[in-house]
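Trainee: fold the following.
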Amino acid sequence: MRPVLVAVADDFSGASDQAGMLARAGVASLLVLDEGFEVGEGWEAVTVATRLRALPVAEARAEAARLLQHARSLQPHMIQYKYCSTFDSTPAGNIGPVLDVALDVLRLPGAIVMPALPINGRTTYLGYHFVHGVPLSESPMRGHPLNPMADASLVRWLQQQTPRRVGLVAHDALRAGPSAVRSRVEQLWHSEIPHAVLDCLDQRDVRTIAQAVADLPFISGSSALAMELPAIWRREGLLGQRHGVQKLLPRPASAPVLALAGSCAEQTLRQVAAAEASGDAVLRVGGRTLLSHEPADMARELLPRVQRALAERGAVVVASSEEPTERLASLRRAEEAGLPAREFGLRIERLLAELAHLARMELGVRHFICAGGETSGAIAQALGLQALEMVRELAPGVPLCRALPGRDVAIALKGGNFGGDGFFADAARMARRVKLGG
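Mentor: Numbering: from 1, shown residues only. This is a model prediction of the structure:
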């Protein structure tokens, strides 16, 4: 059986978001973290986690071409390029360049561009993108250390990244229904405007768009359509019965849980602060220390503190997350020391990834919570994870997963702005209930 959908996601937490939304809709959903993992029979949707978002543009284009050719080799009904609902990219890319590669590799006249995710407060109106009603350029994304979003106009932002023309499917087409949406998309394509940005204000709009694009061979955007397309595919006989397997223990076990937060997103900062306020064990890692120590050495020094916290509390949050003013100060110090922002970010990733590796190998930790897209990717790779199956949803866009093939690790890969304030404590309680092994 060939999969109905193969999605190529540009970071690991975004891939987890996508795979989780599909599972939520009753799809047998597999998240692939290592391309060497052989996708067997029975998976209705496959999401491939990559680090496309963080690569230099030229590397991203080459990697995207290879990944899309691999996706096509699985012969799905549809391929998706999945990116964040806050359209994380610089004026140079990588969303536009990867979309251009997709059109070339898949020989397509155009692509839809739909980053909206209303369930998590990301909406688009007249081409302008909002986060909980605040224009993207005025939201905390404006100060993102790697992908600062300085313009809420998705049409303008994307047009900077591609020589191909960018157009808009405005909300009046959505009010007129799926046929009007499809007609407007095809009108743009026939006018040699291949990139069609879609307005979207609520879940009803998502449903309308899903009906308009369900038969396209390629889509791009957030995980929103993964919530609505499965119902259409099921009606068309492309999916089996709703997928569901009991993978939870009847009550929490006493297993230690290690949470690692590298994201500086506003919601992750609130979650770390809430964990501290409730008396949970939180170990802070300051940016100044990261400049004067090698990540591997810092991880080794932190390990005894992690061990004590796990013995005393059963769970610990290790956070490099910093408030905006602290983050800017850390970045200034890094630049003064000759360390660009990207390299400074890589030091944070290496520290948390090495700590996760040591915790597993020396402390026997098998339950992990990760916050941040790049953080999640580094940790998953350090743990040697190949693929994940969905267990249950912790929050919209945040599934709890088991590692395949051995089912010997439970893990959640959380985007920085996802989850409620008490996420870390809630996730730890649920992670302990995951059946491991067998």
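
Trainee: tell me where the stretch 301-438 of the chain has helices.
Mentor: Using DSSP state H, counting those that start in this stretch, the helices found in the stretch 301-438 of the chain span residues 324-336, 341-363, 373-382, 423-431.

Trainee: just name the most buried of those.
Mentor: Of all the helices of the stretch 301-438 of the chain, helix 373-382 has the most neighbours on average by mean count of other C-beta atoms under 10 Å, namely a mean of 26. (Glycine included, C-beta is placed from N, CA and C.)

Trainee: show residues contacting that helix.
Mentor: Defining contact as C-beta atoms under 8 Å, 6 or more residues apart in numbering, one finds that helix 373-382 is touched by 11-14, 16, 33, 49, 51, 53-54, 84, 88, 146, 260-263, 345, 348-350, 352-354, 356-357, 368, 370, 411, 413-416.

Trainee: thinking again about what came up before, looking at the helices of the stretch 301-438 of the chain, which is nearest to Pro304?
Mentor: Pro304 sits nearest to helix 341-363 of all the helices of the stretch 301-438 of the chain, at 10.0 Å, using C-beta to C-beta.

Trainee: now the closest one: mean pLDDT?
Mentor: Across helix 341-363, the average pLDDT comes to 92.

Trainee: apart from its neighbours in sequence, what residue is nearest Gln159?
Mentor: Counting by C-beta to C-beta, 6 or more residues apart in numbering, Val166 is the residue found nearest to Gln159 once chain neighbours are left out, at 4.6 Å.

Trainee: what about that neighbour, distance to Val113?
Mentor: With distances taken as C-beta to C-beta, to the nearest Å, Val166 is found 8 Å from Val113.

Trainee: more crowded one of the two?
Mentor: Val113 (27 against 24; other C-beta atoms under 10 Å).

Trainee: how about the contacts made by the more buried one?
Mentor: By C-beta under 8 Å, 6+ apart, the contact list for Val113 reads 95, 99, 154, 158, 166, 195-198, 220-221.

Trainee: got a pLDDT number for it?
Mentor: For Val113, pLDDT reads 98.

Trainee: report the beta-bridge partner residues of the residue nearest to Gln159.
Mentor: His195 (DSSP bridges).

Trainee: could you check the distance from it over to His195?
Mentor: Distance from Val166 to His195, counting by C-beta to C-beta: 4 Å.

Trainee: same thing with Ala425?
Mentor: Going from Ala425 to His195 by C-beta to C-beta gives 42 Å.

Trainee: equivalent analysis for Ala341, please.
Mentor: Distance from Ala341 to His195, by C-beta to C-beta: 28 Å.

Trainee: swap in Asp34?
Mentor: From Asp34 across to His195, the span is 31 Å (C-beta to C-beta).

Trainee: which one of the two has more residues nearby?
Mentor: His195 (27 against 13).

Trainee: from what I can see the more buried one touches Arg164, true?
Mentor: Yes - contact between His195 and Arg164 holds when scored by C-beta atoms under 8 Å: they sit 6.1 Å apart.

Trainee: rewinding a little: do you know which of the helices of the stretch 301-438 of the chain lies nearest Gln75?
Mentor: helix 373-382 (26.6 Å).

Trainee: chain center to the closest one: distance?
Mentor: Helix 373-382 sits 11 Å away from the centroid of its parent chain (C-alpha atoms, centre = their mean, to the nearest Å).

Trainee: CA atoms only for it, dumped as PDB, please.
Mentor: Extracted in PDB, the C-alpha atoms of helix 373-382 (Å, rounded to 0.1, in the frame of the first residue of the first chain):
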ATOM      1  CA  GLY A 373      12.700  23.100  16.300                       C
ATOM      2  CA  GLU A 374      16.500  23.100  16.000                       C
ATOM      3  CA  THR A 375      16.800  21.800  19.600                       C
ATOM      4  CA  SER A 376      14.500  18.900  18.800                       C
ATOM      5  CA  GLY A 377      16.500  18.000  15.700                       C
ATOM      6  CA  ALA A 378      19.800  18.000  17.400                       C
ATOM      7  CA  ILE A 379      18.500  15.900  20.300                       C
ATOM      8  CA  ALA A 380      16.800  13.400  18.100                       C
ATOM      9  CA  GLN A 381      19.900  12.900  16.100                       C
ATOM     10  CA  ALA A 382      22.100  12.700  19.200                       C
END
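
Trainee: picking up where we left off before, intersection of neighbour lists for Val166 and His195?
Mentor: Joint contacts of Val166 and His195 (C-beta under 8 Å, 6+ apart) are 113, 158.

Trainee: about what we covered before: list just the one of the helices of the stretch 301-438 of the chain that sits closest to Gln211.
Mentor: Smallest distance to Gln211 across these (C-beta to C-beta): 29.9 Å, for helix 373-382.

Trainee: tell me the mean pLDDT for that closest one?
Mentor: On average, helix 373-382 scores 94.

Trainee: which residue ranges form the strands in the stretch 151-300 of the chain?
Mentor: 166-169, 195-198, 218-221, 257-261, 282-284 (DSSP state E, counting those that start in this stretch).
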